[in-house]
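Chemist: this is a predicted model, with the sequence first.
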Amino acid sequence: MIIAMRDTVASQSNARQGRERRVRRFSLVLHERRSGFDRRAPVTAGAAATAFANVLTDLRERPGTLWVLLVTVNALNLVDFALTLNVLALGGGEANPIMRSLFALNPAYAGAFKIVAVLLTTWLVWRCRRFRSALEAALLMVAIFAAVFLYHIFGLAAFG
């Protein structure tokens, strides 16, 4: 009876040796210990820093608002591409050296690159929306594309 029990235990341990229990999966999620929203000791910050922190907290708690923000980024990206095509047709030039080289090859390549790059970036921000840095990146993208849009509008108004 003791021999039979040893054989059973030995066969179970051999069965476990043949397979790995931990399986490594590919993931694009940032593995941080802190999300940026963890409670910290109170810090005396200015009104602007407090307001910015409140905006980030609202974005984290209301994913619908973040979704609208990311859709706005993609819409401003499409408007930027259309206005850039307009400027190029009127004889202007592209300021971004990467996009300039893609426009020299073919405007379709430039458009595909621009749309795919921004879509992937907004998807990554959406996947990492629980992290403070991702929400900051979303706000930065909106600010940059809004500034580019205003630059185009100013150019259209000034130069026709």
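Modeler: That came in fine, so what should we check first?
Chemist: lowest average confidence, helix or strand, in this structure?
Modeler: Using mean pLDDT, DSSP states H and E, helix 2-17 stands out as the lowest-scoring helix or strand of the chain, at a mean of 54.
Chemist: show the subsequent helix or strand relative to that helix.
Modeler: Moving toward the C-terminus from helix 2-17, the next helix or strand (DSSP states H and E) is helix 47-61.
Chemist: just the mean pLDDT for the helix or strand following that following helix, thanks.
Modeler: Sequence order places helix 63-89 as the next helix or strand after helix 47-61, per DSSP H and E. Here helix 63-89 scores 94 as its mean pLDDT.
Chemist: spell out for me which residue occupies the centre of the chain.
Modeler: Val125 (2.9 Å; CA atoms, centre = their mean).
Chemist: now that one: which helix or strand?
Modeler: Going by DSSP H and E, Val125 is in helix 107-127.
Chemist: what residues does stretch 80-100 touch?
Modeler: With contact meaning CB atoms under 8 Å, 6 or more residues apart in numbering, stretch 80-100 is reached by 103, 107, 110-111, 113-115, 145, 148-149, 152, 155-156, 159. No exception for glycine: its C-beta is placed from N, CA and C like everyone else's.
Chemist: tell me the confidence at the nearest residue to Val73 once chain neighbours are set aside?
Modeler: Among residues not flanking Val73 along the chain, Met141 sits closest, at 4.8 Å (CB to CB, 6 or more residues apart in numbering). Turning to Met141, the model gives it a pLDDT of 96.
Chemist: ok, Met141 touching Thr122?
Modeler: Yes - the pair Met141 / Thr122 is scored as a contact, 7.4 Å apart, by CB atoms under 8 Å.
Chemist: chain center to the helix or strand hosting Ala158, what's the gap?
Modeler: Using DSSP H and E, Ala158 sits in helix 132-159. Distance of helix 132-159 from its chain centroid, counting by CA atoms, centre = their mean, to the nearest Å, is 16 Å.
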